[in-house]
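# Quick one, fold the following:
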Amino acid sequence: MRIGFIGLGNVGGKLSGSLLRNGCDLTVHDLNAGLVAGAVAKGATAGTTPRAMMADCDIVITCLPHPKISAAVVEGDDGLLHAMTAGKIWLEMSTTDEAEVKRLGAKVQAAGGAAADCPVSGGCHRADTGNISIFAGCDRATFEQVLPVLTTMGRRVLHTGALGSASVLKVVTNYLATANLISCSEALTVAKGAGMDLGVTYEAIKMSSGTSFVHETESQVILNGSRDISFTMDLVLKDIGLFQEVADRAGVPLEMNPLMIQIFKDGIKRYGARELSPNIIRRLEDTTGLRVTAPGFPAEMRDDEPEAVGHEVIPNRG
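The predicted structure follows:
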């Protein structure tokens with residue numbers, strides 16, 4: 001299968017790297033020529049436009065920072081939609097809006113192609129090793145076609161249902177991760193203020209009912225002081241904003257998410273949109289005068305699990 005990959009940023013660069021590492025025929029495109037050159041050095045072919053890539057490839061993957069950018073890549077003047085024909089697939093791996101991926105997917109399907117939304121979850125360190133988790137929203141026939149590609153990029157692949165369902169679940173999980181990040185920031189700052197050893201605090205939380213994936217990963221880089229998970233405050237705000245849109249469409253009144261949106265808007269106002277997201281703890285550090293760091297924690301997360309062949313996760317239906 002000839003694969004095109006558009007968007008070589010923090011996540012896309014790592015996902016495309018897994019395809020290259022496993023010998024896939026890959027054409028890449030990004031506005032950053034340096035990122036393209038890096039992929040070409042690893043064996044990729046440099047693409048030109050989304051339209052040309054769709055013409056040359058069986059499947060084109062997009063992994064982009066905002067739904068508006070995905071829309072331009074799909075339906076713009078040189079968009080991949082103009083070369084979409086029967087048998088070709090658009091695979092959207094961006095964190096995007098359910099309604100938007102359905103809108104674009106309908107255009108792809110009207111042109112004879114297939115569409116799937118396949119966002120990832122688990123952090124850049126797992127994307128780098130091919131051990132990240134992937135949600136896939138599409139009809140079953142399309143899922144069977146793209147599964148070998150997905151299991152090359154990820155360890156666990158879940159077919160979530162129809163197109164758009166994966167995007168809903170992605171923003172649900174990102175909402176939970178954001179809530180965890182805020183609560184971990186508060187917990188660590190309170191522990192610091194109470195005079196606790198933060199190394200001991202980290203282990204106490206990890207071995208308790210209060211632990212979470214976010215604590216076991218992001219709390220480490222918070223305590224290191226680097227706060228580097230290759231994810232920024234503007235992206236968090238985008239994701240929890242998308243979650244709010246899902247809730248509003250579903251008619252579900254929320255209490256925590258609007259507050260979290262206010263917290264991250266304030267963080268952006270103070271520190272800038274491209275500030276690393278774990279530095280949301282700086283709001284508490286600046287207010288209290290505390291510095292929530294401890295020795296012995298890594299500056300960035302690394303995945304120690306060896307790369308393994310991915311597999312489909314079968315949900316428990318009783």
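# Buried residues of stretch 128-142, list them for me.
128-139, 142 (16 or more other C-beta atoms under 10 Å). From N, CA and C alone the C-beta is placed, and that goes for glycine too.
# same thing with stretch 188-205?
Buried residues in stretch 188-205, counted by 16+ other C-beta under 10 Å: 188-189, 191-192, 198, 201-202, 205.
# for stretch 57-64, same thing?
Using 16+ other C-beta under 10 Å as the test for burial, stretch 57-64 gives 57, 59-64.
# which residues sit against it?
For stretch 57-64, contacts defined as C-beta atoms under 8 Å, 6 or more residues apart in numbering pick out 1-9, 11-12, 15-16, 27, 50, 53-54, 70, 73-74, 80, 87-94, 146, 149.
# Quick check: mean pLDDT of that stretch?
Averaging pLDDT along stretch 57-64 yields 98.
# need the helices for this structure, in chain order.
Applying DSSP state H to the chain gives helices spanning 12-21, 33-41, 50-56, 67-75, 98-110, 124-129, 140-153, 165-193, 198-206, 213-224, 233-250, 256-271, 282-288.
# Could you list the alpha-carbon positions for the third one in CSV?
Presented in CSV, the C-alpha positions along helix 50-56 are these (Å, rounded to 0.1, in the frame of the first residue of the first chain):
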residue,chain,number,x,y,z
PRO,A,50,-2.3,17.0,-1.1
ARG,A,51,-3.9,16.5,-4.5
ALA,A,52,-0.8,15.0,-6.0
MET,A,53,-0.2,12.8,-3.0
MET,A,54,-3.8,11.4,-3.2
ALA,A,55,-3.3,10.8,-6.9
ASP,A,56,-0.1,8.8,-6.2
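# Just give me the residue right at the centre of this protein.
Note on the chain: the residue nearest the mean C-alpha position is Val120, at 5.0 Å, using C-alpha atoms, centre = their mean.
# Can you tell me which helices and strands the least confident helix or strand in the chain by mean pLDDT packs against?
Every helix and strand of the chain was ranked by mean pLDDT, DSSP states H and E. The lowest is helix 124-129, at a mean of 93. For helix 124-129, the contact count by 3 or more C-beta pairs under 8 Å, 6 or more residues apart in numbering; DSSP states H and E identifies helix 12-21 as packing neighbours.
# Quick one: low-confidence residue ranges for this structure.
Nowhere does the chain drop to pLDDT under 70.
# Tell me the bridge partners for the closest residue to Val120 other than its chain neighbours.
If the residues on either side of it in the chain are set aside, Val120 comes closest to Ile132, at 4.8 Å by C-beta to C-beta, 6 or more residues apart in numbering. Judged by DSSP bridges, the bridge partners of Ile132 are Gly154.
# Give me the residues contacting the least confident helix or strand of the chain.
For helix 124-129, contacts defined as C-beta under 8 Å, 6+ apart pick out 10-11, 14-15, 17-18, 120, 132-133, 153, 155, 217, 229-231, 300-303, 305-307.
# Quick check: ChimeraX command selecting the buried ones in those.
Listed next is the ChimeraX selection for buried residues among those, using 16+ other C-beta under 10 Å:
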select :10,11,14,15,17,18,120,132,133,153,155,217,229,230,231,301,303
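# Would you format the buried residues of stretch 57-64 as JSON lines with distance to Pro278 included?
What follows is those, written out as JSON lines (distance: C-beta to C-beta, whole Å):
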{"residue": "Cys57", "distance to Pro278": "37"}
{"residue": "Ile59", "distance to Pro278": "34"}
{"residue": "Val60", "distance to Pro278": "33"}
{"residue": "Ile61", "distance to Pro278": "28"}
{"residue": "Thr62", "distance to Pro278": "27"}
{"residue": "Cys63", "distance to Pro278": "22"}
{"residue": "Leu64", "distance to Pro278": "23"}
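# Looking at those residues, spot the one nearest Val292.
Cys63 (32.3 Å; C-beta to C-beta).
# Look up how far Ser70 lies from the closest one.
Here Cys63 is placed at a distance of 9 Å from Ser70 (C-beta to C-beta, to the nearest Å).
# Can you check which residues contact both of the two?
Common contact partners of Cys63 and Ser70 (C-beta under 8 Å, 6+ apart): Ser94.
# hang on, the earlier thing: figure out which of the helices of the chain is closest to Val313.
It's helix 140-153; of the helices of the chain, that one is closest to Val313 (C-beta to C-beta) at 10.8 Å.
# elements contacting the closest one?
helix 12-21, strand 59-62, strand 89-92, strand 114-117, strand 132-137, strand 154-161, strand 311-313.
# go with 10 Å
When contacts are defined as 3 or more C-beta pairs under 10 Å, 6 or more residues apart in numbering; DSSP states H and E, helix 140-153 packs onto strand 2-6, helix 12-21, strand 59-62, strand 89-92, strand 114-117, strand 132-137, strand 154-161, strand 311-313.
# Turn those into JSON lines, including distance to Pro295.
Converted to JSON lines, the helices and strands packed on helix 140-153 look like this (distance: least, C-beta to C-beta, whole Å):
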{"stretch": "strand 2-6", "distance to Pro295": "40"}
{"stretch": "helix 12-21", "distance to Pro295": "29"}
{"stretch": "strand 59-62", "distance to Pro295": "41"}
{"stretch": "strand 89-92", "distance to Pro295": "42"}
{"stretch": "strand 114-117", "distance to Pro295": "42"}
{"stretch": "strand 132-137", "distance to Pro295": "29"}
{"stretch": "strand 154-161", "distance to Pro295": "32"}
{"stretch": "strand 311-313", "distance to Pro295": "38"}
